[in-house]
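Student: Predicted model, plus sequence, below.
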There are 2 protein chains.
Amino acid sequence: MTISIGILVFEDAEELDFVGPWEVFSMANEVSKHLGEPPAHDVKLIAEHDGPVRCAKGLRVLPDLTTAQCQRLDVLLVPGGSGTRREVKNQALLDWIAAVALGAKWVTSVCTGALLLTAAGPARGRRVTTHGAFVETLRGRGEAAEVLADYRYIRDGNVVTAAGVSAGIDMALWLTGEMHTPEFARKVQRGMEYDPAPPYTAMT
Amino acid sequence: MTISIGILVFEDAEELDFVGPWEVFSMANEVSKHLGEPPAHDVKLIAEHDGPVRCAKGLRVLPDLTTAQCQRLDVLLVPGGSGTRREVKNQALLDWIAAVALGAKWVTSVCTGALLLTAAGPARGRRVTTHGAFVETLRGRGEAAEVLADYRYIRDGNVVTAAGVSAGIDMALWLTGEMHTPEFARKVQRGMEYDPAPPYTAMT
């Protein structure tokens, strides 16, 4: 059975936060095809309004559906980006996140998307993570049970929050393994050749 | 001095192939800002025609410029994706790639974008890499001096080709270090928290 995955976007959402998981979840359908199986996922980009969305670094994308057109999802993914500071005051969007999260099997965020998941409710009282530079701010809001640093992603029940930007790729692969099998996720990983080798030295 | 970077897109370009480098090159401007310097890069998405481009996995993006509007770039990046098999027969696009490459400091590809760089000329007679599943096909065309497998990216002169999909991130970080300093590239890496930890086991 095809799993419905909705990836939220908004003005100033961070590009790689959502395109990383988009690639993972949709590459899974290539794997399904090779296995002679129906598509693993139905992946859609969702925005509050129709028309182009300008991301944090200027990339313009077109959503597939508006939030009004989408009330049911198996998986919700909320990216981060500077736009989260504006959207955290957008009660209509927070209400949509809360409503969709109620019926979802998995509720996920990348980077500062954790801010929207805590403010909207699904991640309130949960252990979460976010971009390292945002950990103290999120702790200061007091909505999460705990805001952990130095983890690529944290699972608390059906809520999975990833660290900054590129961590969404790791999280989406992990979730793909949970929803299917680790072996299936490894095939997705091979399809996108995710065998990372950052140049120069380690990040720290 | 701001470096102009043009990222080509076409129908069925692979999403992460170009959004990974887009994130790296544009995150560099956040680092510039923090250092009180002018923007490191002017990053633009370029397509043959105006209007939405539908990528390989269905994401729709809007280009910033058409190829006709862009004849000079410091850095050209050509992504892969199933669309390369069609574009390799698009002589107008190959001519544009060849012309822009002549004046560019760096000519780069990700994944099967290497097919377009060899067909257009800039990577002809060079050592290159591509997606592992495409290595034999590219060898069969006989345009590259050598098509190497199992490298994240290969530099031959001013031509840099990356392996599949996610390898574009590693290549773009390396190139950022070459164009600026490794220390600068490390700051970009930290900004996007590229400290990858693929779940389950290694890819092989």
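Tutor: Thanks, I have the structure now.
Student: Just read off the phi/psi values of the residue nearest the centre of chain A.
Tutor: Centrality entry for chain A: nearest residue to the mean C-alpha point is residue A:77, 3.3 Å, by CA atoms, centre = their mean. Main-chain dihedrals, residue A:77, degrees, to the nearest 10: phi -120, psi 130.
Student: Specify the beta-bridge partners of it.
Tutor: With DSSP bridges as the criterion, residue A:77 is bridged to residue A:7, residue A:108.
Student: Tell me the pLDDT of it.
Tutor: Looking at residue A:77, its pLDDT is 98.
Student: Over to residue A:201?
Tutor: 69.
Student: before we move on, what about residue A:48?
Tutor: 98.
Student: excluding its backbone neighbours, what's nearest it?
Tutor: residue A:67 (5.2 Å; CB to CB, 6 or more residues apart in numbering or on different chains). Heads up, the C-betas are built off the backbone N, CA and C, glycines and all.
Student: Output whichever strand or helix holds residue A:170 in CSV with nothing but the alpha carbons.
Tutor: Using DSSP states H and E, residue A:170 maps to helix A:167-179. What follows is helix A:167-179, C-alpha atoms only, in CSV (Å, rounded to 0.1, in the frame of the first residue of the first chain):
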residue,chain,number,x,y,z
ALA,A,167,20.4,15.7,8.6
GLY,A,168,17.0,15.4,6.9
ILE,A,169,18.6,12.9,4.5
ASP,A,170,19.7,10.6,7.3
MET,A,171,16.4,10.9,9.0
ALA,A,172,14.4,10.2,5.9
LEU,A,173,16.5,7.1,5.2
TRP,A,174,16.0,5.9,8.7
LEU,A,175,12.3,6.4,8.4
THR,A,176,12.2,4.6,5.1
GLY,A,177,13.8,1.6,6.8
GLU,A,178,11.2,1.8,9.6
MET,A,179,8.3,2.0,7.2
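Student: what residues does it touch?
Tutor: A:3, A:16-18, A:20-21, A:23-25, A:28, A:40, A:75, A:77, A:79, A:106, A:108, A:110-111, A:152-153, A:160, A:162, A:184-186, A:188-189, A:194, B:166, B:193, B:196-200 (CB atoms under 8 Å, 6 or more residues apart in numbering or on different chains).
Student: Can you tell me which of those end up in strands?
Tutor: Among the contacts of helix A:167-179, the members falling in strands (DSSP state E) are A:3, A:75, A:77, A:106, A:108, A:110, A:153, A:160, A:162.
Student: any idea which of those residues is closest to residue A:135?
Tutor: Within those, proximity to residue A:135 (CB to CB) peaks at residue A:162, which comes in at 13.2 Å.
Student: The closest one touches residue A:132, doesn't it?
Tutor: No: taking contacts as CB atoms under 8 Å, residue A:162 lies outside contact range of residue A:132: 11.9 Å.
Student: More neighbours: which of these two?
Tutor: More crowded of residue A:162 and residue A:132, by other CB atoms under 10 Å in any protein chain shown: residue A:162, with 35 against 17.
Student: tell me, how many neighbours does the closest residue to that one other than its chain neighbours end up with?
Tutor: Leaving aside its sequence neighbours, residue A:162 sits nearest to residue A:171 (CB to CB, 6+ apart; 3.8 Å). When neighbours are defined as other CB under 10 Å, residue A:171 has 26 of them.
Student: From residue A:21, how far off is residue A:171?
Tutor: Distance of residue A:171 to residue A:21, computed by CB to CB, to the nearest Å: 7 Å.
Student: so what sits against both of the two?
Tutor: A:108, A:110.
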